[in-house]
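Participant: Here is my input, please return the structure:
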Amino acid sequence: MAAPFLMKDLVGGTSPKEQAAAAKWLADFTKFMVPQTAGQSPAKKNAILVDAFQAHIATGSQAEDWWNNTLSERQRKSWEDIKVNFSLAYRTPAPRTIEPSEYFDEFKKKLLTMDEAMKKVPIDGSDNTRWGYVVWAEEIEALGVKTGITASILVQEAMALLPAGFAQLMETAPHGTWSEWCEALRELQPTTITRTQSQYTDLANIKAELKAFMSVAMSPRSGSTSPTRDSSGWYSMGRGTTPPPGYPSRSASPSKSTFPQVPPSPGTLAAGGYTPYQAYSPSPHPPSTPQAPPGRAQLAAQSGFTTPRPPLRSPFSPVPIKLRGTASAEDGCIRCGELASSSHNRWNCTNPPLPQQEQRYHETVLRNKWSARTPFASASFPPTPSPSGRRAPAEVAQISLNDEPDDYALLQVEEEEYAYEEESEGKGEEAVL
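Facilitator: Predicted structure coming up:
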């Protein structure tokens, strides 16, 4: 059984909040008095309402001052006069107009965390529950409609508010309209969300461990590896080079002013006082071999960190898509999925478009269909000629001196040979004589 309704006293006030509360009180009072005045005559009803109204005025409040000083004796006895003066004294403030930019600012503050998304929210009036991301999708859908911004911008802003796993799953979601994208978000399965988000969580943990490992590996150790200067101003390690980390600094190189022994001149020996020069003799012990720099295993043992192992990955399982087109992929319009004709194709289609993934599927089917019918291009070189039959050798033309050949070069050669023969015959006759 429901608890009885208790009518509060009227307090009144001058602030907008107090006046709004007074206006609400009058509405509740009117509902409260309906069963009290049911079946009564107008005069009796007026008297009941006036007495009840006066009885519910709080003592020492602004409403009591208004009742005693503003209303006359005649007005305090008429319920209609009381309502008219009450509406003048406690006016309901006009609702403030909220700009679309304010809704958009509130939209960008609706950040969804993984804990809130996977929390079960109870439904009012029942024992059932809903997932937190479903409730979040309904709230952000209502805010997006109030902003009046296009769906593409709303989707882009909403993707930035989602965790990484949600964002990956919603990249291929249909977003022809804002409501379609929100509906696709509500239809996500919790197991799919948890599996996808765990991959990003493992990757973040690996990055954190690697960062900590690198900070320890690059921290300075005991013993300075920086070069030191000797008295001559040269770096003690020699050659002005910096050794790799882990190598001890080298000893100073021998002085460049050291020369081998040179025999003294006769004049120096005659003058006396010559002291032989002591030549430089290297140390009989060879220099120690520098230690090798520590490896990754040694660094890991010193720092206490172990090399992180990559997590086990589950193989990718393709998710089937639900085709929305009414015609087959070979005969349908690529854009809307309905039956294509000479007057309806992808270039002049005005129907609502299909999701981007389904349009790509239609394009792939048609591309495979037409590529099988396209012949390959022919070769660019000429074909091989057919073999011809064997021919008899052509007869060689005999050219005599009496003939007149057509070729001028051949005629000139023959004239030179004829002149040479005549000259030879003349010389022979002279020899005989």
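Participant: how close does Arg324 sit to Gln189?
Facilitator: Between Arg324 and Gln189 the distance is 20 Å, computed by C-beta to C-beta, to the nearest Å. (Each C-beta comes from the backbone N, C-alpha and C, glycine too.)
Participant: One more: Val121?
Facilitator: 17 Å.
Participant: Pick out whichever of the two has more residues nearby.
Facilitator: Val121 (14 against 10; other C-beta atoms under 10 Å).
Participant: Next, give phi and psi for Thr150.
Facilitator: Backbone torsions of Thr150, given as degrees, to the nearest 10, read phi -60, psi 160.
Participant: Equivalent analysis for Leu339, please.
Facilitator: phi -60, psi 130.
Participant: Does it touch Cys333 like I think?
Facilitator: Yes. With contact defined as C-beta atoms under 8 Å, Leu339 and Cys333 form a contacting pair (7.4 Å).
Participant: Give the residues shared as contacts by these two.
Facilitator: Both Leu339 and Cys333 are in contact with Ala327, where contact means C-beta atoms under 8 Å, 6 or more residues apart in numbering.
Participant: Distance of the closest residue to Leu111 other than its chain neighbours relative to Asn46?
Facilitator: Distances taken as C-beta to C-beta, 6 or more residues apart in numbering put Leu161 closest to Leu111, at 5.2 Å, once the chain neighbours are dropped. Leu161 sits 58 Å away from Asn46, going by C-beta to C-beta.
Participant: Outside of stretch 24-42 itself, list whatever touches it.
Facilitator: Contacts for stretch 24-42 (C-beta under 8 Å, 6+ apart): 5, 7-8, 10, 44-45, 48-49, 52-53, 56, 83, 86, 90.
Participant: Give me the PyMOL select line for those residues, limited to the buried ones.
Facilitator: Buried subset of those, written as a PyMOL selection, criterion 16 or more other C-beta atoms under 10 Å:
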select buried, resi 10+45+49+52+53+56+86+90
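Participant: Most widely separated two among the contacts of stretch 24-42?
Facilitator: Lys44 and Tyr90 (26.8 Å; C-beta to C-beta).
Participant: burial of the closest residue in space to Tyr90 that isn't next to it in sequence, as a residue count?
Facilitator: Excluding the flanking residues, the one nearest Tyr90 by C-beta to C-beta, 6+ apart is Ala22, at 3.9 Å. When neighbours are counted by other C-beta under 10 Å, Ala22 registers 21.
Participant: which SSE is Ala22 in?
Facilitator: Element membership for Ala22 (DSSP states H and E) is helix 16-32.
Participant: Report the next helix or strand after the helix or strand of the chain with the lowest mean pLDDT in sequence order.
Facilitator: Within the chain, confidence by mean pLDDT, DSSP states H and E is lowest for helix 266-271 among all helices and strands, at a mean of 56. Next along the chain after helix 266-271, taking DSSP H and E as the criterion, comes helix 296-303.
Participant: Would you mark the buried spots in that next one?
Facilitator: Counting neighbours by 16+ other C-beta under 10 Å, helix 296-303 gives Ala300 as buried.
Participant: Check which element follows that helix along the chain.
Facilitator: helix 356-371.
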